[in-house]
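# sequence and predicted structure, then a few things I'm wondering about:
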Amino acid sequence: MTPEFIAGILTVAAPLLLAAMGGVVSERSGVVNIALEGTMLASAFAFTAVTHAFEPVGPDGRHLVDAAGAWVPFAGVAAGLACGVLVSLLHALVCIRVGANQVVSGIAINILAVGATQFACTLVFESSSNSARVASLPRWGLGAFTFTPAAWASFVAVPVVTLLLFRTVFGLRLRAVGENPDAAETLGVRPGAIRTAALALSGALAGLGGVVLAADVSQFVQNMTAGRGYIALAAVIFGKWNPWGAAAACLLFAAAEKAQVPLQGKIPPQLAQSLPYLLTILVLAGFVGRARAPAALGKPHESSR
Amino acid sequence: MRFACLALLAALAAGCGKSDPAPGTTGALKVGLVFDVGGRGDRSFNDAAYAGLERAKKELGIEFEYFEPTHADREAGLRKYAEQGAPLVIGVGFAFTDSIAKVSADFPGQHFACVDWDTGSAPKPPANVAALRFREEEGCFLVGAIAGLTTKTGKVGFVGGMEIPLIHKFRAGFAAGVKAVNPSCEVLVAFAGLTPEAFKDPVKGKELARSQYGAGADIIFHASGSTGLGVFEEARARNRERGTVTHFVIGVDADQWEEGGHVLTSMLKRVDVAVFDVVKGTKAGTFPAGVHEFGLKEDGLGYVRDDRNRALIPDTVAQKVDALKAEILAGRITVPVR
């Protein structure tokens, strides 16, 4: 367990942590958020495209990536956050205002995100597969533990979301709406508004997760989230809808993912590369036990007003 | 309203294909090209094929169109250009072998070319197919020797894309080259995955590079399509943090110098030349059907040493590598392929 190895685990875990926190916030308010995957992907693209747009352009029309001001990638981060909120509000529109099935809306958004980012990538970068390299975020920290500010935010997100959910009035209302929206409404809480706010926050968190991913490699690649949104969603459930539980599940997955690299060549490749998934299932099935979802999860609320 | 919303989403999701105009009417030779996973902009394998077409357009006045398949629509891409009547349709990548065998049988009057044709699954290509193959291990042996001679830590890394025999050829050649000049040097090996997606996952590439640099490697050779862009990114970040260039990458397929000042060299696989030659032959009416192998002898492989990276590869190293090249050409060294 060298510091380098631990830092590697944290790097893999960072985007998962943010998306999982987004999942916890949304699901605790009673809205299933399968759209985490699509939200991350859209925000990853928004980060890349906006950072690209603010880079200085040389006389030959090429982007001077390394000459970009330090603020340029932060404009991309802002765009990623905004994009995450927008995608999530689309989900909110479909399943809170319209009351459609939350799983179907989430899947539709994920499919839309794959197609839309590919299309937009063709428009901006003349390739549906890869963006150009864009200006990188700085890396902050000491020794092996240097991360982008976006990745640092993922580590801070876990305690912050815990405090928000369990130590604030908004958090209490959010959880109440997720357990029994009718009862909450009789006490003057507006479930629709709370759930919309929860989804907006969820989108910002998942969007930042997408930004972490794109900023890590300073580019966008077609479908680069590669199922991380779904893994985060699984982490939420394995973590029993608790931020710390979900974070632990994310770290476990990341550790298994990191541990399989030195095992390659020593055990069959199929086994080595499925190790993270196998281990996650085994450990969680063996130790976590039965999970109880928020009582009103997935049920659209019909206001009695 | 509910239905309308979902219908809108579905319609937007569907509208993502690249629609090209039908081939022009100027009478120039029309070529259709379908890219491999990783696609245009991988600054490596696919872009090398693209460069071949660009050159053909400039020098031979041909017209071309290209298609970037997502998952299962490789064959559909080939078929599209065949149906449009393109006299030459090119598939870039081993994954096209079966599709080209099928489509070429349905369009016997047109020509097809496949880069990295897999003789394992189809030993004899049909009569209207040019199967372009490379002896990658020979070029990888040379860059392996450069790595073995220039490493300061006695450890080098190899990052492969999908774990298949083709990529094992790169690994085997590279490792043999390292060991030939530096028997005590350790070669760390990692592959990004078991599906074609492993060629377009820079996040994974960065993670693997982080592991190998972290374990003490100072040079990594990648053969992994756009996954390798993550390897460059990791080296760039490490060098920037330390303020000096201590971590190097060896590029693959095309000259990847542009990725940053830490590219030691690149293993050139002249996909551009192979593609250009097929187009040229087709235009001249001498389509080169059958299997074509490109190695050091045919100048189909090589490594980069020019004014830009000369300072990184001393003359003594270059002389040794050229001596090894001569040995391979003379048949005195047989480079392993697995």
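Cool, got the structure.
# what sits against the residue of chain B found nearest chain A?
Chain B approaches chain A most closely through B:G39 (2.6 Å), counting by CB to the nearest CB. C-beta coordinates here come from the backbone N, C-alpha and C atoms, glycine included. Residues near B:G39 by CB atoms under 8 Å, 6 or more residues apart in numbering or on different chains: A:S127, A:S128, A:S129, A:N130, A:Q222, B:N46, B:E68, B:K200, B:S226.
# which pLDDT value belongs to the fifth one?
Here, the pLDDT recorded for A:Q222 equals 89.
# my read is that it contacts A:S131, right?
No. Applying CB atoms under 8 Å, one finds A:Q222 not in contact with A:S131, separated by 9.4 Å.
# find residues that contact each of these two.
A:C121.
# are we agreed that B:Q212 is in a helix?
Yes. When DSSP: H, G, I helix; E, B strand; the rest coil is applied, B:Q212 is found to be in a helix.
# give me the neighbour count for it.
26 (other CB atoms under 10 Å in any protein chain shown).
# which bits of the stretch 101-250 of chain A sit near chain B?
A:104-105, A:108-109, A:111-112, A:114-116, A:118-119, A:122, A:125-133, A:136, A:139, A:144, A:146, A:213, A:216-219, A:221-222, A:224, A:226 (CB under 8 Å from any CB of the partner chain).
# okay, buried residues for the helix or strand harbouring A:L279 please.
Assigned by DSSP states H and E, A:L279 belongs to helix A:269-287. For helix A:269-287, a neighbour-count test (16 or more other CB atoms under 10 Å in any protein chain shown) marks A:A272, A:Q273, A:L275, A:P276, A:L279, A:T280, A:L284 as buried.
# OK, contacts around the first one?
With contacts defined as CB under 8 Å, 6+ apart, the neighbours of A:A272 are A:Q260, A:L263, A:Q264, A:K266.
# of the contacts of B:G39, which belong to helices?
B:N46 (DSSP state H).
# just for chain A, where's the confidence low?
A:284, A:286-290, A:305 (pLDDT under 70).
# now the closest residue to chain B within it: closest residue in space, sequence neighbours ignored.
Residue of chain A nearest chain B, by CB to the nearest CB: A:S129 (2.6 Å). Among residues not flanking A:S129 along the chain, B:G39 sits closest, at 2.6 Å (CB to CB, 6 or more residues apart in numbering or on different chains).
# per-residue pLDDT, that neighbour?
At B:G39, pLDDT is 82.
# just say helix, strand or coil for the residue at the greatest distance from the centre of chain A.
Distance to the chain centre peaks in chain A at A:P59, reaching 38.0 Å (criterion: CA atoms, centre = their mean). The three-state assignment at A:P59 reads coil, by three-state DSSP.
# coming back round to it: hmm, the residue of chain A closest to chain B is touching B:F67, no?
No. With contact defined as CB under 8 Å, A:S129 does not count as touching B:F67 (11.4 Å).
# and these two? which has more neighbours close in?
Ranked by neighbour count (other CB under 10 Å), A:S129 and B:F67 place A:S129 first, with 27 against 21.
# picking up where we left off before, next one: phi and psi at the residue nearest to A:S129?
In terms of degrees, to the nearest 10, the main-chain angles of B:G39 are phi 70, psi -180.
# could you export stretch A:79-91 as PDB, CA atoms only?
Taking C-alpha atoms only, stretch A:79-91 is exported to PDB below (Å, rounded to 0.1, in the frame of the first residue of the first chain):
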ATOM      1  CA  ALA A  79     -20.200  25.000 -17.700                       C
ATOM      2  CA  GLY A  80     -20.100  21.400 -16.500                       C
ATOM      3  CA  LEU A  81     -21.900  22.200 -13.300                       C
ATOM      4  CA  ALA A  82     -24.500  24.200 -15.200                       C
ATOM      5  CA  CYS A  83     -25.000  21.500 -17.800                       C
ATOM      6  CA  GLY A  84     -25.400  18.900 -15.000                       C
ATOM      7  CA  VAL A  85     -28.100  21.100 -13.400                       C
ATOM      8  CA  LEU A  86     -29.900  21.500 -16.700                       C
ATOM      9  CA  VAL A  87     -29.900  17.800 -17.600                       C
ATOM     10  CA  SER A  88     -31.200  17.000 -14.100                       C
ATOM     11  CA  LEU A  89     -34.000  19.600 -14.400                       C
ATOM     12  CA  LEU A  90     -35.000  17.900 -17.700                       C
ATOM     13  CA  HIS A  91     -35.300  14.700 -15.600                       C
END
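# who's in contact with that stretch?
By CB under 8 Å, 6+ apart, stretch A:79-91 touches A:26, A:31, A:33, A:35, A:38-40, A:42-47, A:49-51, A:102, A:105-106, A:109, A:113, A:196, A:199-200, A:202-208, A:210-211, A:214.
# and it, how far out from the chain's middle?
Centre-to-centre, stretch A:79-91 and its host chain are 11 Å apart (CA atoms, centre = their mean, to the nearest Å).
# do the same with stretch B:186-204
14 Å.
# hmm, that stretch touching chain A?
Yes. Using CB under 8 Å from any CB, stretch B:186-204 reaches chain A at B:V189, B:A190, B:F191, B:G193, B:L194, B:E197, B:K200, B:D201, B:P202, B:V203.
# which one of those is nearest to B:A237?
Among the residues of stretch B:186-204 next to chain A, B:P202 lies closest to B:A237 (CB to CB), at 12.7 Å.
# element containing the nearest residue to the closest one once chain neighbours are set aside, please.
Using CB to CB, 6+ apart and skipping the chain neighbours, the partner closest in space to B:P202 is B:G230 (3.4 Å). Element membership of B:G230, judged by DSSP H and E, is helix B:228-242.
# can you name the next helix or strand after that helix?
Assigned by DSSP H and E, the successor of helix B:228-242 is strand B:248-253.
# for that following strand, C-alpha coordinates in CSV please.
This file holds the C-alpha atoms of strand B:248-253, laid out as CSV (Å, rounded to 0.1, in the frame of the first residue of the first chain):
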residue,chain,number,x,y,z
PHE,B,248,8.6,9.4,-21.4
VAL,B,249,6.1,7.9,-23.7
ILE,B,250,6.8,6.0,-27.0
GLY,B,251,4.0,6.8,-29.5
VAL,B,252,2.5,4.3,-31.8
ASP,B,253,1.4,4.0,-35.5
